[in-house]
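Participant: need coordinates for the below:
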Amino acid sequence: MTDLVPLDDRGFTLGDGLFETLLVEDGRIAFWPEHLARLTAGCATLGLPAPDPQAMQAAATAALVDQPGRLALRLNVTAGSGGRGLDRPAEPALRIAAKAFPAPVAAGALTLATSTVRRNDGSPASRLKTLAYLDNVLARAEARAAGADEAVMLNTRGEVACAAAGNLFWIDGGRLFTPALDCGVLAGVIRARVIAAAAAQGVEVVEVRAGAEVLASADAVMVSNSLIGLRPVSALDGRSLAPHALTERLAARL
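Facilitator: Presented below is the predicted three-dimensional model:
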C-alpha cells in the first residue's frame, strides 16, 4: 500500500511537527514511555495539542504487523492540514503516522568529522526532534564527503552541541562530559540513561558549554542514540582515539 500525505499537511509543507525514532526488538518497543513523554513535551513547546497516547500506540502497533527482528520505528506527528501560509488553523488536528524499517546492529567504532553546519542554539527547535532536519542532513552529508561516518555539530557560539543523529560524550581525566542542553541539544533518551549509568558507577558527569578544543584533547569520545546505544569513536577529524574501559563499561550497562 502506498503511504499518502495530503499536500496541505503542515509537516510536509513547513516541517511543522515532530518525530521519534524508537528501537524495536522482536516486537518490543524500547523506552516507549520516555519517547512518548518527550514527544508530548515537544508538542507543548510548539504550541500543539498533546497527542493521544492510544492513537500513538495504535499507529505503532499497526506499523509493526508482520515485521519481525530488530527495527527502527519512526513515529511522526504533524500539525495536520492547513491552508497556504504560516498560520495554523485555530484548532490543529494532529496527524499521526508510523513506519518500521530494518535496523541491523551497528558494529565497530565510528569516525567523526566536524561540520561547518551550525546548530542554532537560539531556536527552541534545536532541542526538539522536529520534522525540519535539513541542517542535520547537510552536516551528515558533509561528514560522509570527508570520509567520516558521522558529523560533529557546533552551535552558533562555536560550542560542541551534538552529532547529526545523536548526543555526544567525551572522557577527560576519568570524568564524563556532555554538552548542556542549552547548547542546542536534544534531551536524548539514551543520553539520560548514559548519565544515570555513569552516576551509578561513581563516575562524575559534567554537563558543559565548551568549544571544539575539548574534543581535540579528550581521552575518548562517544555518540549515543536510541538505535546504537552508546558507540565509541575511533577517529575525530583524522585524530585516532584508542578504546577506553569506561566506554565499554557504560555500553555494557545499556
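
Participant: how close does the closest residue to Ile195 other than its chain neighbours sit to Leu94?
Facilitator: Spatial nearest neighbour of Ile195, excluding adjacent residues (C-beta to C-beta, 6 or more residues apart in numbering): Val205 at 5.1 Å. Every C-beta, even on glycine, is put in place using the N, C-alpha and C of the backbone. Applying C-beta to C-beta, to the nearest Å, the value for Val205 to Leu94 is 35 Å.

Participant: equivalent analysis for His244, please.
Facilitator: For His244, the distance to Leu94 equals 43 Å [C-beta to C-beta].

Participant: go on, Phe19?
Facilitator: 13 Å.

Participant: okay, and the common contacts of these two?
Facilitator: Val77 (C-beta atoms under 8 Å, 6 or more residues apart in numbering).

Participant: the lowest-mean-pLDDT helix or strand in the chain: how far from the chain's middle?
Facilitator: Lowest by mean pLDDT, DSSP states H and E among the helices and strands of the chain is helix 245-253, with a mean of 93. For helix 245-253, the gap between its own C-alpha mean and the chain's C-alpha mean amounts to 20 Å (C-alpha atoms, centre = their mean, to the nearest Å).

Participant: and it, what's buried?
Facilitator: Leu246, Thr247, Leu250, Ala251 (16 or more other C-beta atoms under 10 Å).

Participant: check stretch 97-106 too.
Facilitator: The neighbour-count check on stretch 97-106 (16+ other C-beta under 10 Å) flags Ala97, Ala98, Lys99, Ala100, Ala103 as buried.

Participant: okay, those in JSON lines with secondary structure, distance to Leu110 and pLDDT next?
Facilitator: Output for these, formatted as JSON lines (DSSP: H, G, I helix; E, B strand; the rest coil; distance: C-beta to C-beta, whole Å; pLDDT from 0 to 100):
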{"residue": "Ala97", "secondary structure": "strand", "distance to Leu110": "30", "pLDDT": "96"}
{"residue": "Ala98", "secondary structure": "strand", "distance to Leu110": "27", "pLDDT": "97"}
{"residue": "Lys99", "secondary structure": "strand", "distance to Leu110": "25", "pLDDT": "97"}
{"residue": "Ala100", "secondary structure": "strand", "distance to Leu110": "24", "pLDDT": "97"}
{"residue": "Ala103", "secondary structure": "coil", "distance to Leu110": "16", "pLDDT": "96"}
